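Undergrad: Let me see the structure of the following:
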Amino acid sequence: MLFRRGMTERSARHHKPSRPPFSSFPTHLESAESNLNFEAIFTYSWRCSTDQGALLHGDEVARTLLRDAAAEVTGRYNLLLIKEAQDAVNSRLSEEIDSDPRLVVSGRVQLSASEQMLASAHQRAVAARDLQVSEAAETARLEVLRERLLDKRLGPVWWIDRFADLQFSTGDPASKAESVLQAFHLMVGVIRTEAAQVQTDEISVVRARVNELLSSLEAPETRKRAADLLETVIHTLAPEGGSKAAVDLHDGRQGG
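TA: Reported below is the predicted structural model:
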């Protein structure tokens, strides 16, 4: 009896208090928008892995790992996409976190947002849409203006009409008209130069692709595929003469 009681007391002294299989804690997680945060409640558990060193505060380590893993995901989501962000975080947490070799963590999260945060997110979304509409309208206006300036028939007339008050208010109208037309031609010249530069760049890219295709025709390992591709291009661009050109290309391949 004394032996059994001694063993029981000794076992009690060495017994580590058991912790609940699951714990939970609330926190905030940043969204993709500055100063707009998700409210998060984590449910988690952790266990010690192999003897990799002292673990003084396992709960705090587990919480830090969970927060960091979740924040990496929520930082890519708008606050209004609560469900999508929650699904993405839980997908990430479905795999155990073992970045700290001393323990392994698993858990899930429930995301929400306060009414104040949601109102701010809605305001930002409306402001962003208004800005996009405004920028699209401005882009359309500038495109019309560009086409008007480049119109050889109406462009100069529109430009002179635009500055009619300046030309004919005071002073010599002829000299002012000349200045206005010089400014017009200068602006049109700049626009056409930039357009030509863009076109030149596009042609350069196409020319590089053609040279690449020609090089492929010379290489034995890619010659057949390149010739087949060129044959398809010929059929597409010149359907009337494509058959004859394709035959010539086929004969040239066999002769090569």
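
Undergrad: Just the strands from the protein, written as ranges.
TA: Assigned by DSSP state E, the strands in the chain fall at 23-30, 37-48, 103-112.

Undergrad: Kindly report the domain assignment for the chain.
TA: 18-113, 155-209, 219-255 (automatic domain parsing).

Undergrad: can you list the weak-confidence ranges in the stretch 1-150 of the chain?
TA: Along the stretch 1-150 of the chain, the model assigns pLDDT under 70 to residues 1-21, 51-53.

Undergrad: residue boundaries of the helices in it?
TA: Along the stretch 1-150 of the chain, counting by DSSP state H, counting those that start in this stretch, helices occupy 2-14, 58-74, 82-93, 115-150.

Undergrad: could I get those as TSV with distance to Thr27 and mean neighbour count?
TA: All C-beta spots, glycine's among them, are computed from the backbone N, C-alpha and C. Converted to TSV, the helices of the stretch 1-150 of the chain look like this (distance: least, CB to CB, whole Å; neighbours: other CB atoms under 10 Å):
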stretch	distance to Thr27	mean neighbour count
helix 2-14	35	8
helix 58-74	6	18
helix 82-93	12	17
helix 115-150	14	12
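
Undergrad: Among the ones you listed, which comes closest to Met187?
TA: For Met187, the closest of those is helix 115-150, at 6.6 Å, according to CB to CB.

Undergrad: So which elements touch the closest one?
TA: Contacts defined by 3 or more CB pairs under 8 Å, 6 or more residues apart in numbering; DSSP states H and E place helix 115-150 against helix 155-162, helix 173-218.

Undergrad: switch the cut-off to 10 Å
TA: Here helix 115-150 touches strand 37-48, helix 155-162, helix 173-218, going by 3 or more CB pairs under 10 Å, 6 or more residues apart in numbering; DSSP states H and E.

Undergrad: which one is Gly155 nearest to, not counting chain neighbours?
TA: Spatially, and ignoring its direct neighbours in sequence, Gly155 is nearest to Leu149 (5.2 Å; CB to CB, 6 or more residues apart in numbering).

Undergrad: my guess is that neighbour contacts Phe184, does it?
TA: Yes - Leu149 lies in contact with Phe184 (CB atoms under 10 Å); the separation is 7.7 Å.

Undergrad: Find residues that contact each of those two.
TA: Common neighbours of Leu149 and Phe184 are listed as 155-156, 158-159 (criterion: CB atoms under 10 Å, 6 or more residues apart in numbering).
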